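Enquirer: structure here, sequence nowhere to be found:
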Ligand code: IMP
């Protein structure tokens with residue numbers, strides 16, 4: 001069992017999502033009382049392997065897999081209530097009961113049928129060249145409604161049936177008109193279907209909905225420790241990512257203030273998560289992408305297929321340019337570098353140390369997508385290793401070339417690499433430095 005520490009912590013992705021945040025949260029969780037989601041929605045996909053079982057969570061904080069943790073869905077999350085209920089039910093079937101340990105912010109916005117339809121219509125209209133490659137979970141349209149305000153529905157609105165009915169009928173009419181004008185079809189929307197689903201959500205989730213901001217502040221005052229789970233990844237951040245190929249929320253620790261209502265300075269341990277290489281799903285620039293057999297091999301060995309959509313992930317070398325950028329933006333105190341075992345067997349391994357673009361050497365990420373698209377990676381090659389890593393339990397026991405690879409990345413990023421992943425199981429994790437006081441890795445949870 002891990003020891004209790006009250007340093008509030010955030011775990012977040014250094015890349016374009018899918019970094020393995022679920023695994024890191026799962027390891028840290030025994031040291032925390034409350035796990036909090038503050039951004040995104042069912043676009044996220046967090047996979048955790050416990051023994052022979054694999055759990056894939058989308059909306060629930062991953063930490064709820066630990067039966068003592070209270071899960072909080074903050075005001076900054078956009079919640080598809082039907083997807084959330086399906087997730088709760090799927091866990092219940094596997095004897096993980098979360099319904100009594102879940103709190104949903106009354107300020108959180110609801111993702112409804114018309115958001116998912118709009119996501120699809122808008123992607124189709126943008127065509128192969130212009131589309132974002134979204135997860136089609138209605139995330140962008142729901143955040144757009146949140147900003148527009150007149151067409152939004154929050155959990156607090158579920159309390160007044162009469163007002164809600166009028167509001168949803170008006171919104172559905174407005175959506176039909178705007179879909180017809182923009183996409184030439186009204187999306188076949190039906191207000192009653194939306195209202196029926198809302199009634200189902202209200203019925204089953206009523207006791208979970210509360211003022212989570214107040215709950216979290218009271219928890220902090222009473223000495224409870226909080227773990228914030230960033231969804232997606234900083235390169236998908238709406239302000240700082242590879243815009244417009246991003247998601248619609250603030251995906252790093254900077255999102256905690258807005259998305260959970262907790263002052264960011266409360267959260268002092270900031271653990272970024274990255275793979276030992278890069279991946280991306282959906283469209284958008286990816287300077288270190290490998291469109292050759294090495295990329296194919298990484299995809300195969302790392303089982304790089306999306307948790308949410310099943311799409312094959314694009315794979316490439318580790319990018320120290322983007323990771324230095326995300327380290328600075330986030331103020332990361334630690335880095336978890338996962339999936340080292342996936343690189344086993346490669347003759348040499350590339351790390352991108354800078355970009356070459358328009359005759360210049362760039363050491364940070366440009367804002368313009370077309371500039372990033374024109375950039376060529378400057379790759380430094382390090383010798384690979386052939387030894388299998390999955391049974392290694394101490395950093396010092398890793399092959400020399402593996403240690404050199406990790407140490408080189410640490411120098412390039414300027415953030416201590418406190419967690420190293422050598423396999424998918426909880427036990428296949430090496431912890432270094434101070435974090436050893438917080439995380440105690442189980443000897444083996446493999447069946
Ligand atoms: P959206 O969040 O569904 O609007 O998708 C916007 C972009 O973010 C697309 O490229 C998605 O593939 C990507 N994306 C969103 N969430 C995740 C995630 O959790 N992992 C990886 N990619 C994601």
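Expert: Received the coordinates, thanks. On a predicted model such as this, the values are computed, not experimentally measured, just so you know.
Enquirer: C-alpha only now, for contacts and for neighbours.
Expert: Fine.
Enquirer: tally of neighbours for whatever residue of the stretch 301-447 of the chain ends up closest to the ligand?
Expert: Going by C-alpha to the nearest ligand atom, the ligand is nearest to residue 306 of the stretch 301-447 of the chain, at 7.1 Å. Number of residues near residue 306 (other C-alpha atoms under 10 Å) recorded here: 19.
Enquirer: can you check the one 5 residues further on too?
Expert: If you count neighbours by other C-alpha under 10 Å, residue 311 ends up with 13.
Enquirer: try the one 10 residues further on
Expert: Applying other C-alpha under 10 Å, we find 22 residues neighbouring residue 321.
Enquirer: helices of the stretch 151-300 of the chain, start to end?
Expert: 161-183, 191-205, 212-221, 255-260, 293-301 (DSSP state H, counting those that start in this stretch).
Enquirer: most packed of those helices?
Expert: helix 255-260 (a mean of 21; mean count of other C-alpha atoms under 10 Å).
Enquirer: now for that one, which elements pack on it?
Expert: Of the remaining helices and strands, none touches helix 255-260 by 3 or more C-alpha pairs under 8 Å, 6 or more residues apart in numbering; DSSP states H and E.
Enquirer: quick one: mean pLDDT over that helix.
Expert: For helix 255-260, the mean per-residue pLDDT is 98.
Enquirer: cool, stretch 116-131 as well?
Expert: Stretch 116-131 shows a mean pLDDT of 95.
Enquirer: then stretch 324-339?
Expert: Averaged across stretch 324-339, pLDDT comes to 97.
Enquirer: which residues are contacting it?
Expert: 14-15, 19-20, 24, 234-235, 252-254, 269-276, 302, 364-365, 406, 412-424 (C-alpha atoms under 8 Å, 6 or more residues apart in numbering).
Enquirer: what of stretch 403-420?
Expert: By C-alpha under 8 Å, 6+ apart, the residues outside stretch 403-420 that reach it are 320, 323-324, 327, 332-338, 340, 353, 382, 395-396, 429-435.
Enquirer: what comes up buried for that stretch?
Expert: Across stretch 403-420, burial judged by 16 or more other C-alpha atoms under 10 Å covers 405-406, 409-410, 412-420.
Enquirer: so which of those residues sit within helices?
Expert: 405-406, 409-410, 412-413 (DSSP state H).
Enquirer: just curious, which of these is nearest to residue 74?
Expert: Closest approach between those and residue 74, by C-alpha to C-alpha: residue 413, at 30.7 Å.
Enquirer: how close does the nearest residue to residue 383 once chain neighbours are set aside get to residue 304?
Expert: What sits nearest to residue 383 in space, not counting adjacent residues and going by C-alpha to C-alpha, 6 or more residues apart in numbering, is residue 348, at 4.4 Å. As defined by C-alpha to C-alpha, to the nearest Å, residue 348 lies at a distance of 20 Å from residue 304.
Enquirer: who has more neighbours, the two?
Expert: residue 304 (21 against 14).
Enquirer: now do the contacts for the closest residue to the more buried one other than its chain neighbours.
Expert: In space, and not counting its chain neighbours, residue 304 is closest to residue 313: 5.4 Å by C-alpha to C-alpha, 6+ apart. Applying C-alpha under 8 Å, 6+ apart, we find residue 313 in contact with 279-281, 299, 304-306.
Enquirer: same deal with residue 232?
Expert: By C-alpha under 8 Å, 6+ apart, the neighbours of residue 232 are 12-13, 16-18, 40, 43-44, 247, 251.
Enquirer: looking at it now. What's its pLDDT?
Expert: Reading off the model, residue 232 has pLDDT 95.
Enquirer: how much space between it and residue 372?
Expert: Between residue 232 and residue 372 the distance is 20 Å, computed by C-alpha to C-alpha.
Enquirer: next one: residue 248
Expert: Using C-alpha to C-alpha, one obtains 20 Å as the distance from residue 248 to residue 372.
Enquirer: chain center to stretch 148-156: distance?
Expert: The chain centre lies 24 Å from the centre of stretch 148-156; the measure is C-alpha atoms, centre = their mean, to the nearest Å.
Enquirer: list the buried residues for that stretch?
Expert: By 16+ other C-alpha under 10 Å, the buried positions in stretch 148-156 come out as 151-156.
Enquirer: in CSV: those, plus pLDDT and distance to residue 226.
Expert: Below are the buried residues of stretch 148-156 laid out as CSV (pLDDT from 0 to 100; distance: C-alpha to C-alpha, whole Å):
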residue, pLDDT, distance to residue 226
151, 97, 33
152, 98, 29
153, 98, 28
154, 98, 24
155, 97, 23
156, 96, 24
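Enquirer: out of these, which sit inside strands?
Expert: Counting by DSSP state E, none of the members of the buried residues of stretch 148-156 fall within strands.
Enquirer: packing partners for the lowest-mean-pLDDT helix or strand in the chain?
Expert: For the chain, the helix or strand with the lowest mean confidence is strand 46-50, at a mean of 75 (criterion: mean pLDDT, DSSP states H and E). Packing partners of strand 46-50 (3+ C-alpha pairs under 8 Å, 6+ apart): helix 21-28, strand 53-57.
Enquirer: where does pLDDT dip in this protein?
Expert: 1-6, 50-51, 444-447 (pLDDT under 70).
Enquirer: picking up where we left off before, for the helices of the stretch 151-300 of the chain, give me a markdown table that also has distance to the ligand.
Expert: Below are the helices of the stretch 151-300 of the chain laid out as a markdown table (distance: least, C-alpha to the nearest ligand atom, whole Å):
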| stretch | distance to the ligand |
| --- | --- |
| helix 161-183 | 18 |
| helix 191-205 | 21 |
| helix 212-221 | 23 |
| helix 255-260 | 15 |
| helix 293-301 | 14 |
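Enquirer: out of the helices and strands packed on strand 46-50, which is the most enclosed?
Expert: Comparing the helices and strands packed on strand 46-50 by mean neighbour count (mean count of other C-alpha under 10 Å), helix 21-28 ranks first with a mean of 24.
Enquirer: and that helix, how far out from the chain middle?
Expert: For helix 21-28 - counting by C-alpha atoms, centre = their mean - the centre lies 12 Å from the chain centre.
Enquirer: quick one: residues in contact with it.
Expert: Helix 21-28 is contacted by residues 2, 11-13, 46-49, 62-63, 65-66, 229, 273, 336, 424, 426, 438-441 when judged by C-alpha under 8 Å, 6+ apart.
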